[in-house]
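Participant: sequence plus predicted model, see below.
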Amino acid sequence: MRALATSAVLSSFVLGGWLTAAAAQGVDVGASNGGDSGPDAQAVGDVPVGVIPQPSAASPGMVMGVTLGELYTDNLTLAPTGEPKQSSWITQVQPFFRGATSGPRFSGALDYEMTGYVYAGRSSSNQLAHDLDANGTLAIVPQHLFVDGMASYGREVINNELSSGAGTFFLDNNRANVATGSLSPYWVQDFGKGGMMLLRYTWGRVLYDDHGISGRNAGMLNGITDSTSNALQFSLTSPEYQTWGWNIGYSDQRIEPDVGQDIEYGVAKLGTSWQISSTVRLLAEGGKESRFLPDGTSRKLGATFWNAGFEWSNTRDNLKMLVGHRFYGRSYDFSWSHTAALLTTSVSYVEQPTDLSQQLLGRSPTQAISLPVNIPVVGSLRNRQVYLMKRATASATYTMPTGNLRLALYNERRTYFTLNDLDEKVTNGDLSWQFDIGPFTTLTPMLGWQRHHFQNGQTSYNHYSQLALVHQVNPKNFGSFRLRKDSRNVYSEVPGAHGYRASAFFVQWTHLL
């Protein structure tokens, strides 16, 4: 019934036409399209080498194509180190569609791909995977009443304490399909000097199943319940570019699991700002927010908070820093971005009570929670608790005459509000150095790592190295060859947790129709 419910809800979003708009295709490092070598690759015309064009509302259009590939891995089931491994040749067939439109009434895009894996000598393991990322906006009353829609569908790790390879083709019994969708009507009203008002209601749904996953283990989904989100948001903000500014806001979001206790996030705030120069603005705000208690309950608007700071910006830099106090103690919010001719960098730090369902829906009632490019969400469907997220990210890209160097770092500390729970810590990052070998070929070595310390004391260390060669014959045809090695070391007493070593190579060809 889970699979039927997921399919029905997803179909209603697609056929209802609220969708369309997709963010760039997520890259699965282990099984991704071999041509997605990165947005900074050497360009052929307006499209970088080996990168599939991505239509958007700003650049409408349609792209269709297919990727054919053959891959080999020496550890298909992620067997522990020192135990016999199962190797396999796997044929990959991946048709895809990307489209976007922009008009006076509707704008959005749709990004969909279907991947079939055929395992040599293991017909019972053949599987079909779907990935969807779509959203769009419909204008009901121009300049006033709009409806946003969003839908996504893909595979997520069920329990990250256990082994899970960086690729959907591994038969590790540790993945589930996750479907998310939301509809959000909202009203915008300009009151001139009285400010700009926004009133929004958002309904969202998160569904799980293991349909179509070869070697699936339905027992791992026990206790993981579907959930619904209902959110209300109101804001009134002063006109821009005036010396004194102000804003009033209220938001309320209730996460309602099909089984279990509801979770409610609420914030009511009043803020002000003062433009003291052409580059510096002082900021301050305060109000009330939900307080999460150690027994797992919460008090809506049960705690006061405040923060103050400044924002500084010029043609190259934008810096924002806030310091304040919230129900859990001192709080900080920081972001900085720098754009120069050759070097682009960004650093951010954010603190926010949240849970997995809220992040899967991609909507926070107080602020957006986003991740830098190439850093995956490190979540576990097994964990349904609310926690205080303290997330720091940094990325830098240096452009050279014959390629670019990119570094991305991620650090997150999760403090759970329930009694006797220890913190969970995640640190990861990746480093890639792309070389342009002529105008149509790139060679990219990449290194990545992750350290994950769990609440129960388990610690896992993951490392990978990859070498990717991409050659573009013309704007519609390109091929790639990749070598990849993954390793995991685990220090734990958790049953079933173990390390592994896996190597794989991929040969892929992409044709755009």
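Facilitator: Sure thing, it's come through.

Participant: can you tell me the SS state at the residue of the chain most remote from its centre?
Facilitator: Distance from the centre of the chain peaks at Lys193, with 37.5 Å (CA atoms, centre = their mean). Classification of Lys193 using DSSP: H, G, I helix; E, B strand; the rest coil returns helix.

Participant: now do it against Val494, distance only.
Facilitator: 61 Å (CB to CB, to the nearest Å). C-betas here are computed from N, CA, C, even on glycine.

Participant: so where's this structure uncertain?
Facilitator: 1-47, 362-380 (pLDDT under 70).

Participant: quick one, helices of the protein?
Facilitator: Assigned by DSSP state H, the helices in the chain fall at 2-16, 356-361.

Participant: so what does the last one touch, helix or strand wise?
Facilitator: Right, helix 356-361. Helices and strands touching helix 356-361, by 3 or more CB pairs under 8 Å, 6 or more residues apart in numbering; DSSP states H and E, are strand 175-190, strand 196-209, strand 227-237, strand 244-257.

Participant: how about a cut-off of 6 Å?
Facilitator: Secondary-structure packing of helix 356-361 (3 or more CB pairs under 6 Å, 6 or more residues apart in numbering; DSSP states H and E): strand 196-209.

Participant: any idea how far the strand it packs on is from the middle of the chain?
Facilitator: Relative to its chain's centre, strand 196-209 lies at 17 Å (CA atoms, centre = their mean, to the nearest Å).

Participant: would you indicate which residues of it are buried?
Facilitator: Met196, Arg200, Thr202, Gly204, Arg205, Val206, Leu207, Tyr208, Asp209 (16 or more other CB atoms under 10 Å).

Participant: for stretch 65-78, same thing?
Facilitator: Gly65, Thr67, Gly69, Leu71, Thr73, Asn75, Leu76, Thr77, Leu78.

Participant: OK, contacts around Tyr72?
Facilitator: Trp89, Phe505 (CB atoms under 6 Å, 6 or more residues apart in numbering).

Participant: now do 7 Å
Facilitator: By CB atoms under 7 Å, 6 or more residues apart in numbering, the contact list for Tyr72 reads Trp89, Ala504, Phe505.

Participant: isn't the last one up against Arg482?
Facilitator: Yes: contact between Phe505 and Arg482 holds when scored by CB atoms under 7 Å: they sit 6.5 Å apart.

Participant: and the two? Which one has more around it.
Facilitator: Arg482 (23 against 15; other CB atoms under 10 Å).

Participant: does the more buried one touch Ala504 like I think?
Facilitator: No: the criterion here is CB under 7 Å, and Arg482 misses it with Ala504 at 8.1 Å.

Participant: ok so, going back, which one of the buried residues of strand 196-209 is nearest Ala284?
Facilitator: Met196 (19.9 Å; CB to CB).

Participant: quick revisit: how about the nearest residue to the residue farthest from the centre of the chain, chain neighbours excluded?
Facilitator: Pro239 (6.4 Å; CB to CB, 6 or more residues apart in numbering).

Participant: cool, Ser87 as well?
Facilitator: Asp74 (4.6 Å).

Participant: try Ser337
Facilitator: Per CB to CB, 6+ apart, closest to Ser337 is Ser346, 4.4 Å.

Participant: for that neighbour, give me its contacts.
Facilitator: Contacts of Ser346 by CB under 7 Å, 6+ apart are Trp336, Ser337, Ser395.

Participant: filter these down to the buried ones, PyMOL style.
Facilitator: The following PyMOL line selects those of the contacts of Ser346 that are buried, judged by 16+ other CB under 10 Å:
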select buried, resi 336+337+395
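
Participant: output the contacts of Ser346 in CSV; the columns should cover distance to Thr168.
Facilitator: As requested, the contacts of Ser346 are exported to CSV (distance: CB to CB, whole Å):
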residue, distance to Thr168
Trp336, 35
Ser337, 33
Ser395, 25
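
Participant: partners of Arg326 in the sheet?
Facilitator: Gly329 (DSSP bridges).

Participant: give me the number of residues near it?
Facilitator: For Arg326, the tally of surrounding residues (other CB under 10 Å) stands at 18.

Participant: next, count neighbours for Met155.
Facilitator: I think there's a mix-up here, since residue 155 is Arg and not Met. Other residues close to Arg155 by other CB under 10 Å number 17.

Participant: and the one 10 residues further on, by the same measure?
Facilitator: When counting by other CB under 10 Å, one arrives at 24 neighbours for Gly165.

Participant: tell me the contacts of it?
Facilitator: By CB under 7 Å, 6+ apart, the neighbours of Gly165 are Gly30, Leu78, Asp172, Asp486, Ala502.

Participant: mind running it again at 6 Å?
Facilitator: Leu78, Asp172.

Participant: do you know how far it is from Leu381?
Facilitator: In terms of CB to CB, Gly165 sits 17 Å off from Leu381.

Participant: do the same with Pro239
Facilitator: Pro239 is 44 Å from Leu381, by CB to CB.

Participant: out of the two, which sits in the busier spot?
Facilitator: Leu381 (23 against 13).

Participant: got a list of what the more buried one touches?
Facilitator: Ile158, Ile224.

Participant: one more: the one 4 residues further on?
Facilitator: Gln385 makes contact with Tyr416, Thr418, according to CB under 6 Å, 6+ apart.
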